[in-house]
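Chemist: Following is a predicted model, sequence given first.
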Amino acid sequence: MKIEYHNIYMHYVFVTQNRIPLILEKHRERIEKYITGIVNNNGCKLYKIYANPEHVHVLLSRAPQIDDENLVTIIANSSEKFINENRLCVGFFQWQQSCAAFSVSKRNIPALCEYIKTQKEHHTKESYEDEHKKLLNFYQKKSGNQVE
């Protein structure tokens, strides 16, 4: 059956292999634009993206005809190839074998867009590791589980 309207908002966090800060500021926007193209070419709508040195936040509305695992695999494989072919980092670029995927309520989109937009400033105050643990706890509190 065809779905005419969908409301599937996802927040993905991709992390570089071993959390090595490989994404250079001078290539950040180019990498963001490339990932944006991947998202758009797969029938999804990008709301916000920010590439930190060791992780990337992607907030999008996912098309119903592609599942999360297929979409993140396409994003990861395509962006790895793009970064390596264009030598946008020193050495070989690779994402970790898994990423975080969080469903998002439509009413939380504006606040999450602001959060992603201010990543550079945010990470002067909080490390990625602390942020990751907070994100997991925030989303898991809603389901009754907490990360230790």
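Modeler: It's in.
Chemist: okay, now Lys2: neighbour count?
Modeler: 5 (other C-beta atoms under 10 Å). Placement of C-beta: from N, CA and C, glycine included.
Chemist: Which pLDDT value goes with it?
Modeler: pLDDT for Lys2: 75.
Chemist: any idea which element it lies in?
Modeler: Assigned by DSSP states H and E, Lys2 belongs to no helix or strand.
Chemist: what separates it from Met10, distance-wise?
Modeler: 21 Å (C-beta to C-beta, to the nearest Å).
Chemist: Okay, strands next: where are they in this protein?
Modeler: 9-15, 45-51, 55-61, 100-104 (DSSP state E).
Chemist: Which residues are in contact with Lys120?
Modeler: Taking C-beta atoms under 8 Å, 6 or more residues apart in numbering, we find Lys120 in contact with 50, 52.
Chemist: Give me the pLDDT value at it.
Modeler: Value for Lys120, per-residue pLDDT: 77.
Chemist: Ile49 too?
Modeler: So Ile49 comes in at 98 (pLDDT).
Chemist: For stretch 53-68, list every residue counted as buried.
Modeler: In terms of neighbour count (16 or more other C-beta atoms under 10 Å), stretch 53-68 has its buried residues at 53-63.
Chemist: Next up, the contacts around Gln17.
Modeler: Gln17 touches 94-96, counting by C-beta under 8 Å, 6+ apart.
Chemist: ditto for Ser105
Modeler: Tyr9.
Chemist: Can you tell me which of the strands of the chain is most buried?
Modeler: strand 55-61 (a mean of 23; mean count of other C-beta atoms under 10 Å).
Chemist: Could you count how many residues lie near Ile83?
Modeler: 22.
Chemist: I misspoke; the intended subject was Arg19.
Modeler: 14.
Chemist: any idea how far it is from Val13?
Modeler: 12 Å.
Chemist: Name the residues contacting each of the two.
Modeler: His55.
Chemist: Would you mind putting the strands of the chain into TSV with distance to Thr73 alongside?
Modeler: Shown next, in TSV, are the strands of the chain (distance: least, C-beta to C-beta, whole Å):
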stretch	distance to Thr73
strand 9-15	11
strand 45-51	17
strand 55-61	13
strand 100-104	12
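Chemist: averaging pLDDT over each of these, which comes out lowest?
Modeler: Taking the mean pLDDT of the strands of the chain, strand 100-104 comes last: a mean of 92.
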